Structures are given as structure tokens and as C-alpha cells.
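1. Got a predicted model here, sequence first, then my questions.
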Amino acid sequence: MAASPRLQLQAPYPQLPAQQQQPQQQQQQQLLQGPPGSSSSSNPARPRKCAEVCMDLLFTEAVQFFSEQHYGPAAGAALQAVGVRVGRQLAERYSRDKPRLGDTLEVVKFICKDFWLAVFKKQVDNLKTNHRGIYMLQDNNFRWLLRVAPAAAPTDGSSPSEQLAAAAAPYLELPCGIIRGALTHLGLNCTVEGDARSLPSCALTHLGLNCTVEGDARSLPSCALTHLGLNCTVEGDARSLPSCSFTIKIVS
Amino acid sequence: MPPGPRPVPQLEQINAEIFTLTYGSIVRQLIADFEDLDEVNKQLEKMGYNIGVRLVDEFLAKSKQGRCSSFREAAEVVARQALPMFLNVSAAVTNWSADGTECSLVLTDNPLADFVELPDEYRSLRYSNLLPGVIRGGLEMVNMEVDCRFVQDMLKGADCYELRLRLKEHKDEQYPFKDDD
């Protein structure tokens, strides 16, 4: 979907670079500066905090909501779109005071460390690459999925890990979108696949297979490519929550 | 229950901007999906309701708040305990109706609306409509059926955010299991 140009989420700091200034910006600053001692969001030194449970519940409600509103791939696409916007904005803010990131590896490392820490409260546990444009990020305790568990034992003959993968797939769309939004903002065209496995060896094999989807958890890759027109696809697939990995494939 | 203010329990915190930006992105997605702003307002409130229904458990577990004996007490708890606990902002409870069934919760700080500017064509959008839904959902779980809505919005030029909270019904504690279930 095309980004709506009108309802804009602007950065809070008044001292934005000139090209981003618009007439409305002045108004918005007045809004933020309101009564004394109000918003601490306009003070970069002391970022505003809120309880983590707010984000948890907003996240799970968003997944439920969009899954009900849309059927099949469209639900994932909507959640991804939500994530991509967030990722872009976050990357812009977190990389603002830092020197421009150089090569692909630096960007991926930024995602693994600073970015992951800021968004998911820890660093990525493991980063692997095949040195041919594929990176795998492993998070053994992915925070956003801590509360997600399958409701019942599988009845359709699938293994428990496949069932987990299916249950968790929609929950991975938003984080994948965030990662992809951030990477795109930082100049990388890529696909991002979310995939939870417990064993490093499985993941490596996964990379070697050029990221074919295993199990039925994947709803997106081709849909995302055409639907969003970006050189990124995000695929979510969780087999051993809360451990999951995100595979980034650079396509250009 | 002993009267007087309680210390606000400290929950695990995150940088609010993730929350704020995710909320904003959700609002934008709803606008794209529904187009009709009244419908978006409704959906935001509904999402808020679903969240409130679950959030109240967290609140009751962490605050060890006993049962509120009155709507008046509940309103104070929302404004002085729940909002600070979850969003690190507090509200004032004012403008009570004569019969004590309506009041206003007034906030000057609303994390949901950080960084947001509402262009004129979105004037009918109740951007922060998740919040009244959360309050409605939470209070319903403690047997108070309420109506909650924004009557002042800083995004629209007001000098505060004012939520009008109206008690519709205070149900007696019902036995959880019905005979015909």
C-alpha cells in the first residue's frame, strides 16, 4: 500500500534537518511544548518510558485484530506494513546521532546490537553469514513471543514444532516488518525471513537451501514482493518458541 | 481497605517510542483498511476494549488493589494508579455530576499521541481512541459498565485531553458459573 502522505508521524526533536521541516512542524512543536513539565518526549536526554506490558498487549491485539479482519496473506501483509513503517522510523531515530553506516555487514551488525537492544531489549545472540548475501540472526529468547504458546496439541498429524510454526507465523510478521523497514531505511534491499529453530545446524541447512519455506508457516514472501513493491520479503516461521531466527537475504 | 495513596508499583519498562510508533502505524493501517474515520474510531475503541480486559488482570496482580467500593473510587484508581503504572502519566478526576455517575479524567500528557500532528481532513479521527476502550474494558471486568469517550483532544487544539467517564451500570458481583452453561 502506498504510504499515506497526510497523517504524518514526525520526530519529536525540534532540531530536524532542514529538508524535513514543513510548515506544520512549527505547530506541532508548540503542541509538544505545552504546559510545563508535560511531555518528556521532547527531551532527548530522558526518553519517555512505559510499561512493557502495554506493548505486549498492543502487539498481540494487533495480530489478533488484523488476522480477523483479513483472510490469509492479507493479514500478514497488513501486519508487515505496520512493522515496516515502525522499523523505518526507529532506524531513522536510532541512527541519527551515529556516523553513517558503511557496508552491509555494518548495517546488519547495527541491527543485531543497537537496534535489537532498543526494540527487543537484548542483543541478537548469534549472527551467521554465508558471505554471499545471506545473514541469519538468532535470538534465543525473543521477547515478543514469550507469551505465545500453542493452544492445544496438534491434531492434524503435524509435529509440535510445525504447529508452533503455524501458530506463531502471524506474530512474526510485525517484527519482520520492523527489521525490514529498518534495513530498507539503512539502504539494504533484502528479504527477511523469520524462522524459529532450536538447533544451529538446522538453521545453517536452511540458509543453504536458499530459504525455501519449510512447514506451512510461510504466507508472505511472494505476496510481499508484489504487494509492497519493495525488494524485501519477510517470512515468519517459529518452531521452538521463544527462540527464533531471522534470515536476511540481500537481493541487490 | 486502608485509605490513602499507595506507591505505584514499578513494572518492567520499555522506551515508549516503540509503543507510540507501533500505535501510530496501526492507526494508519486502519485508515488504509477502513477509510471511513468513524469506523476507524470504532475499531480503535474495540481494540482498546480487548486490551483493557487483559490489562486489568495485570493491574490487579501488581497493584494488589482491593475491590473498589464505588465508581468514584474506581475513577480515582484509574487516574491515580493505573495510568501512572502503565503509561507513567497521571490524570485528574474532575467535573463530577451531581449524582456521582459521571466524571472527567483530564490528562495533559498522552504517550499515544507523541509525535503526532492531525491534519484538518482528519479532524473526525479520534486518534487516541484506544485509551477509552482500555478503560471501558478494564472497568467492565470489575463489574462496572461504563461509557468512556474523549471530549477534548490536544491534537485538535484543546489544552488537555479530557475523557468523559459515565457509569451505566454497577453490576453486583455475579456468581461466575451459570446453571445453564
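-> Sure, I can see it.

2. What is the neighbour count of residue 140?
-> No chain was given, so I picked chain A. Other residues lying near residue A:140 total 15 when counted by other C-beta atoms under 10 Å in any protein chain shown. (Glycine included, C-beta is placed from N, CA and C.)

3. Chain B was what I was after
-> The tally of other residues near residue B:140 (other C-beta under 10 Å) stands at 17.

4. Grab the most central residue of chain B for me.
-> Most central in chain B under C-alpha atoms, centre = their mean is residue B:135, positioned 3.3 Å from the mean C-alpha point.

5. Look up how far residue A:175 lies from that residue.
-> Applying C-beta to C-beta, to the nearest Å, the value for residue B:135 to residue A:175 is 28 Å.

6. And for residue A:138?
-> 14 Å.

7. From what I see, the residue nearest to the centre of chain B and residue B:78 are in contact.
-> Yes: Residue B:135 is within contact range of residue B:78, at 6.0 Å (criterion: C-beta atoms under 8 Å).

8. if I look at these two, which residues touch both of them?
-> Both residue B:135 and residue B:78 are in contact with B:105, B:165, where contact means C-beta atoms under 8 Å, 6 or more residues apart in numbering or on different chains.

9. still on that earlier bit, secondary structure element for the residue nearest to the centre of chain B, which one?
-> helix B:130-141 (DSSP states H and E).

10. Quick one: mean pLDDT for stretch A:96-116?
-> On average, the pLDDT along stretch A:96-116 is 83.

11. Pull out the buried residues from it.
-> A:101, A:104, A:107, A:108, A:109, A:110, A:111, A:112, A:115, A:116 (16 or more other C-beta atoms under 10 Å in any protein chain shown).

12. can you redo those as JSON lines with distance to chain B and secondary structure?
-> Shown next, in JSON lines, are the buried residues of stretch A:96-116 (distance: C-beta to the nearest C-beta, whole Å; DSSP: H, G, I helix; E, B strand; the rest coil):
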{"residue": "A:101", "distance to chain B": "20", "secondary structure": "coil"}
{"residue": "A:104", "distance to chain B": "25", "secondary structure": "helix"}
{"residue": "A:107", "distance to chain B": "20", "secondary structure": "helix"}
{"residue": "A:108", "distance to chain B": "20", "secondary structure": "helix"}
{"residue": "A:109", "distance to chain B": "21", "secondary structure": "helix"}
{"residue": "A:110", "distance to chain B": "17", "secondary structure": "helix"}
{"residue": "A:111", "distance to chain B": "15", "secondary structure": "helix"}
{"residue": "A:112", "distance to chain B": "17", "secondary structure": "helix"}
{"residue": "A:115", "distance to chain B": "11", "secondary structure": "helix"}
{"residue": "A:116", "distance to chain B": "12", "secondary structure": "helix"}
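
13. Could you work out the most separated pair of those?
-> Using C-beta to C-beta, the buried residues of stretch A:96-116 span at most 16.7 Å, a distance reached by A:104 and A:116.

14. Now do the strands in chain B.
-> With DSSP state E as the criterion, chain B has strands at B:13-15, B:92-94, B:102-107, B:144-152, B:161-170.

15. Okay, now the unreliable bits of the chain?
-> Going with chain A. Chain A contains residues with pLDDT under 70 at A:1-45, A:147-158, A:160-161, A:163-164, A:191, A:193, A:195-243, A:250-252.

16. try chain B instead
-> B:1-9, B:172-181.

17. quick one: the helices in it?
-> For chain B, applying DSSP state H gives helices covering B:16-34, B:37-63, B:71-77, B:83-87, B:130-141.

18. relative to helix B:16-34, how tilted is the last one?
-> Taking axes from the mean of the first three to the mean of the last three C-alpha atoms, to 10 degrees, helix B:130-141 and helix B:16-34 form an angle of 100 degrees between their directions.

19. my guess is residue A:141 meets residue A:122, correct?
-> Yes: counting by C-beta under 8 Å, residue A:141 does reach residue A:122; the two are 7.1 Å apart.

20. Which secondary structure element is home to the residue in the stretch 151-252 of chain A that chain B sits nearest to?
-> With C-beta to the nearest C-beta, the shortest gap between the stretch 151-252 of chain A and chain B falls at residue A:174, namely 7.8 Å. Using DSSP H and E, residue A:174 falls within helix A:160-185.

21. That helix - contacts with which helices or strands?
-> Identification of packing neighbours for helix A:160-185 by 3 or more C-beta pairs under 8 Å, 6 or more residues apart in numbering or on different chains; DSSP states H and E yields helix A:52-69, helix A:73-94, strand A:190-195, strand A:234-235, strand A:244-250.

22. export those to JSON lines and tack on distance to chain B and mean neighbour count?
-> Shown next, in JSON lines, are the helices and strands packed on helix A:160-185 (distance: least, C-beta to the nearest C-beta, whole Å; neighbours: other C-beta atoms under 10 Å in any protein chain shown):
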{"stretch": "helix A:52-69", "distance to chain B": "4", "mean neighbour count": "20"}
{"stretch": "helix A:73-94", "distance to chain B": "4", "mean neighbour count": "24"}
{"stretch": "strand A:190-195", "distance to chain B": "17", "mean neighbour count": "28"}
{"stretch": "strand A:234-235", "distance to chain B": "15", "mean neighbour count": "28"}
{"stretch": "strand A:244-250", "distance to chain B": "17", "mean neighbour count": "25"}
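
23. which residue packs closest to residue B:71, ignoring adjacent ones?
-> Leaving out its chain neighbours, the residue that sits closest to residue B:71 by C-beta to C-beta, 6 or more residues apart in numbering or on different chains is residue B:167, at 4.6 Å.

24. Please apply the same query to residue A:87.
-> Residue A:87 sits nearest to residue A:181 (C-beta to C-beta, 6+ apart), 2.5 Å away.

25. Next up, the contacts around residue B:132.
-> Residue B:132 neighbours (C-beta under 8 Å, 6+ apart): B:45, B:48, B:148, B:149, B:150, B:163.

26. Count residues in the vicinity of the third one, would you?
-> The local packing of residue B:148 (other C-beta under 10 Å) involves 24 other residues.

27. gap between the closest residue to it other than its chain neighbours and chain A?
-> Of all residues not flanking residue B:148 in the chain, residue B:132 sits nearest, at 3.8 Å (C-beta to C-beta, 6+ apart). Between residue B:132 and chain A the computed distance is 15 Å (C-beta to the nearest C-beta, to the nearest Å).

28. quick one: residue A:57 and residue B:54 touch, right?
-> Yes: judged on C-beta under 8 Å, residue A:57 makes contact with residue B:54 at a distance of 5.8 Å.

29. Overlap of the contact sets of these two?
-> In contact with both residue A:57 and residue B:54: no residue, using C-beta under 8 Å, 6+ apart.
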